[in-house]
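> starting from these lines, generate the structure:
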Amino acid sequence: MGLPVIGSTRPWSRWHVTALVAAALGYAWVGGGLRPFSWPAMVSTTLGGLAILIPAWRRGRSPASVRASHVGLVAWTLWLIAATGWELWALSMHPRSTHPTISSLLDTVVETHPGRSVAVLAWLALGWRGTGRTGSTPTAYLATVMSHPAGRWLVLLLWMWVGWHFFVR
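This next block holds a predicted model:
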């Protein structure tokens, strides 16, 4: 059986799943080959983001299927604060070779066409998964945050920023 369609009890046919995967692979390959800092890269990233954001907006509020434990929320929050702190600290230091940011470390991955295409595909998959369209979100922390409309939009807007940051630049 295929993936369930939101608002429907019938499963997706194999043809629908195959077409969706083929479209995502094609989009990732074309998007990964676009020249950074160009209008085509910006338009491509925006269209890919809208393909995820519009269904998420139409879906509206959905309660979290799994609640995070207090310890899990604290652990994930501390991890996110540490990663953000590292990024901000490294961003304020120079030279970049001595104080790399997360972005500069990932630049080596996304500087080739295949690497960039894999990153675009991973970005799409993360956005698709983050909207909860394929079931529960990856972690109970994310499910808890996204159970509130403001949390859902915060996570999805941050996800969109990641796309612009890595694929448009």
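
> mind checking which helix or strand of the protein has the lowest mean pLDDT?
helix 140-146 (a mean of 66; mean pLDDT, DSSP states H and E).

> isn't Ala90 right next to His99, touching?
Yes - under the criterion of Cβ atoms under 8 Å, Ala90 makes contact with His99 at 4.6 Å. For the C-beta atoms, the positions are set from N, CA and C on the backbone; glycine is no exception.

> more neighbours: which of those two?
Counted by other Cβ atoms under 10 Å, Ala90 and His99 do not tie: Ala90 has more neighbours, with 18 against 14.

> show me what contacts the more buried one?
99-102, 104 (Cβ atoms under 8 Å, 6 or more residues apart in numbering).

> ok, 10 Å please
Neighbour list for Ala90: 96, 98-105 [criterion: Cβ atoms under 10 Å, 6 or more residues apart in numbering].

> take those and keep only those in helices.
Judged by DSSP state H, the subset of the contacts of Ala90 located in helices is 102-105.

> just the buried residues from the residues you listed, in PyMOL please.
Buried residues among the ones in helices among the contacts of Ala90 (16 or more other Cβ atoms under 10 Å), as a PyMOL selection:
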select buried, resi 103
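
> list just the nearest of the ones in helices among the contacts of Ala90 to Leu50.
The closest of the ones in helices among the contacts of Ala90 to Leu50 turns out to be Ser103 (Cβ to Cβ; 23.4 Å).

> grab the nearest non-local neighbour of the closest one.
His165 (6.8 Å; Cβ to Cβ, 6 or more residues apart in numbering).

> and the ones in helices among the contacts of Ala90 as a markdown table, adding distance to Arg14 and pLDDT?
Output for the ones in helices among the contacts of Ala90, formatted as a markdown table (distance: Cβ to Cβ, whole Å; pLDDT from 0 to 100):
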| residue | distance to Arg14 | pLDDT |
| --- | --- | --- |
| Ile102 | 38 | 81 |
| Ser103 | 39 | 80 |
| Ser104 | 42 | 84 |
| Leu105 | 39 | 84 |
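
> next, format the ones in helices among the contacts of Ala90 as a markdown table and append distance to Ala51.
Compiled in a markdown table, these are given as follows (distance: Cβ to Cβ, whole Å):
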| residue | distance to Ala51 |
| --- | --- |
| Ile102 | 25 |
| Ser103 | 24 |
| Ser104 | 29 |
| Leu105 | 28 |
